[in-house]
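*Asks:* Okay, structure incoming, though there's no sequence with it:
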């Protein structure tokens, strides 16, 4: 029997005979729903763990999915309304299309091997798709059809609410810009032959240099460009803001050339969001063929759910920003982009290409990305709006090969390591180091999974002198939020840390990592990593491009984690020399050796 996962508990009790159900499965990533269902069944029925199959399928169909999206872009919708949308951009943190398709194939494979009695699904489109393709095996409960329809209405109302919240935020930001930055003469401030550095700025930005914009994103690049006589200007996207006026005053006080798109935009540019949304209502995919199946309904559901996403609406504003600069006779020489191929980035590059055809675009990825984070990498569709950079810079050989394999238009070169430069300095390991470090990622689902597994292997953690925990600085996830969601107080042994990772590494024996690129930092220093896979979501494996069972292992459950702690603990004691050798091989693949000439790759004359 198929059920919509959002059905209330009291109805589940009426509809489901827990005595007869033996196996159940949940195709969704809502943590609260998963907990609710686990509590509902208790020990009377077993949840099917399909995490390994989900991970396998994501790798198996990845290229077919990207090709299917490209086909829609070329054959049906070669326009910004589609190309800036969530399904087209493929960011797994804002689009569930790839995950939902992976759910289907993982479910299809699982039911070939075992009889599942009850299936719960989050997506109304996916539950209907499963019902249609397994009509002789699983029936959709009538009440679920009603609740799935109500979920569609709820999401429509949520889209309307997001549009209202987006408008309110933009108005408040525009007012703050006019009050604080409105007196700046744009032409005088920007000057001639502008080289924009597109990165991010936090609401916690202060005038000193100890801020995320200058320590995390392209550290040292602004000063280097200035030393080369270039007119460098920061063009940041605002992250996690509190007070816009306070942030903008700090920007003024910094003395740096920091420019915001709102300074150039007019009120009429914001009104253009209205026709964009109206046009979006008529965008429908006719074919999204992955394998032998057409997932157009799942695609259209994902598109409809995302037309009020900030990035989608911002993409059109960023394209308009380039137009406004041109109207003010501002000369743009180059755009250096922190290249994640996000929706708003595509809008910015599209606008620069359109209104400044002579300007060059440098796309840089001085960071480590997992291949399941599909939006980080270009595909054929990016040639439609000329999104692919003139020069593409990456950290090392492994990403150079991977990116060059994706498109004949890309010839990736190397970037300075920036914040990873410390990876080439020897690590002074303390004698008898015995700490365990836990590093979490950006997404909430994987972070919660890390702490769930930690609670299940608490006896295996007793051998470590300390358990250090570092949360992802850009995630907005706090210790209190984790405790509330998993309903567990953190043990006293868990020491939450901030600051520079390398300050803690000399005392670290083994690392447990969620979806974070810092996993690569650890293995490059000879610290073996147990990488936590997601249970019901896409696993972001940052180490997958180089297999090495001595340095890292993917853990799907507590048994994997517990045995991994024992195995890696033994390796650290008995195979120290081999670990150091393997770490060096890993580092040489992920990072190009430091070379001053790489800085000059950020200059196109």
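*Replies:* It's in. Computed from a predicted structure; not experimentally measured.

*Asks:* Show me what the one helix or strand residue 125 maps to packs onto, helices and strands only.
*Replies:* Using DSSP states H and E, residue 125 sits within helix 124-133. Counting by 3 or more CB pairs under 8 Å, 6 or more residues apart in numbering; DSSP states H and E, the packing neighbours recorded for helix 124-133 are strand 2-4, helix 97-113, strand 118-121, helix 142-180, helix 296-306. (C-beta placed from N, C-alpha, C; glycine too.)

*Asks:* Next, count neighbours for residue 577.
*Replies:* 9 (other CB atoms under 10 Å).

*Asks:* Point out the other helices and strands that the strand or helix carrying residue 401 packs with.
*Replies:* Assessed by DSSP H and E, residue 401 sits inside helix 397-406. Applying 3+ CB pairs under 8 Å, 6+ apart, one finds that helix 397-406 contacts strand 391-394, helix 576-590.

*Asks:* Kindly reformat the ones you listed as JSON lines containing mean pLDDT and distance to residue 16.
*Replies:* Below are the helices and strands packed on helix 397-406 laid out as JSON lines (pLDDT from 0 to 100; distance: least, CB to CB, whole Å):
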{"stretch": "strand 391-394", "mean pLDDT": "95", "distance to residue 16": "51"}
{"stretch": "helix 576-590", "mean pLDDT": "92", "distance to residue 16": "49"}
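
*Asks:* winner for burial among these?
*Replies:* Comparing the helices and strands packed on helix 397-406 by mean neighbour count (mean count of other CB atoms under 10 Å), strand 391-394 ranks first with a mean of 24.

*Asks:* Direction included, what does that one pair up with?
*Replies:* strand 360-365 (parallel), strand 413-414 (parallel) (DSSP bridges).

*Asks:* Can you say which of the ones you listed is packed in most?
*Replies:* It is strand 360-365: most buried of these by mean count of other CB under 10 Å, with a mean of 23.

*Asks:* contacts for that one?
*Replies:* With contact meaning CB atoms under 8 Å, 6 or more residues apart in numbering, strand 360-365 is reached by 218, 333-340, 349, 352-353, 376, 388-395, 399, 415, 601-602, 604.

*Asks:* and of the helices and strands packed on helix 397-406, who's closest to residue 533?
*Replies:* Of all the helices and strands packed on helix 397-406, helix 576-590 sits nearest to residue 533, with 19.8 Å by CB to CB.

*Asks:* Same question for the helix or strand that the closest one is followed by: list its buried residues.
*Replies:* Counting by DSSP H and E, the next helix or strand C-terminal to helix 576-590 is helix 597-600. Within helix 597-600, the residues that count as buried by 16 or more other CB atoms under 10 Å are 598-599.

*Asks:* got a list of contacts for helix 597-600?
*Replies:* So helix 597-600 is contacted by 221, 224, 393, 413-416, 592 (CB under 8 Å, 6+ apart).

*Asks:* average pLDDT across that helix?
*Replies:* When pLDDT is averaged over helix 597-600, the result is 94.

*Asks:* was I right about residue 458 contacting residue 491?
*Replies:* Yes. With contacts counted by CB atoms under 8 Å, residue 458 reaches residue 491, the gap being 7.2 Å.

*Asks:* hang on, isn't residue 313 packed against residue 166?
*Replies:* Yes. Counting by CB under 8 Å, residue 166 is a contact partner of residue 313 at 6.0 Å.

*Asks:* Report the buried residues of the helix holding residue 401.
*Replies:* Neighbour-count burial for helix 397-406 [16+ other CB under 10 Å]: 398-400, 403, 406.

*Asks:* And for stretch 549-568?
*Replies:* Applying 16+ other CB under 10 Å to stretch 549-568 flags 550-558, 560-562, 564-565, 567-568 as buried.

*Asks:* Endpoint to endpoint, that stretch covers what distance?
*Replies:* End-to-end distance of stretch 549-568: 10 Å, with CA to CA, to the nearest Å as the criterion.

*Asks:* Repeat that for stretch 322-341.
*Replies:* Stretch 322-341: ends 18 Å apart by CA to CA.

*Asks:* what do you get for stretch 470-477?
*Replies:* End-to-end distance for stretch 470-477: 11 Å, by CA to CA.

*Asks:* and if you look at stretch 594-604?
*Replies:* 20 Å.

*Asks:* and it, how far out from the chain's middle?
*Replies:* 27 Å (CA atoms, centre = their mean, to the nearest Å).

*Asks:* do the same with stretch 407-427
*Replies:* Distance, centroid of stretch 407-427 to centroid of chain: 20 Å (CA atoms, centre = their mean).

*Asks:* Next, the buried residues of that stretch.
*Replies:* Using 16+ other CB under 10 Å as the test for burial, stretch 407-427 gives 407, 410, 412, 414-420, 423, 427.

*Asks:* I'd like those residues written out as a markdown table, with secondary structure and distance to residue 81 added.
*Replies:* Formatted as a markdown table, the buried residues of stretch 407-427 follow (DSSP: H, G, I helix; E, B strand; the rest coil; distance: CB to CB, whole Å):
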| residue | secondary structure | distance to residue 81 |
| --- | --- | --- |
| 407 | coil | 23 |
| 410 | coil | 26 |
| 412 | coil | 30 |
| 414 | strand | 36 |
| 415 | coil | 33 |
| 416 | coil | 38 |
| 417 | coil | 38 |
| 418 | helix | 36 |
| 419 | helix | 37 |
| 420 | helix | 38 |
| 423 | helix | 42 |
| 427 | coil | 50 |
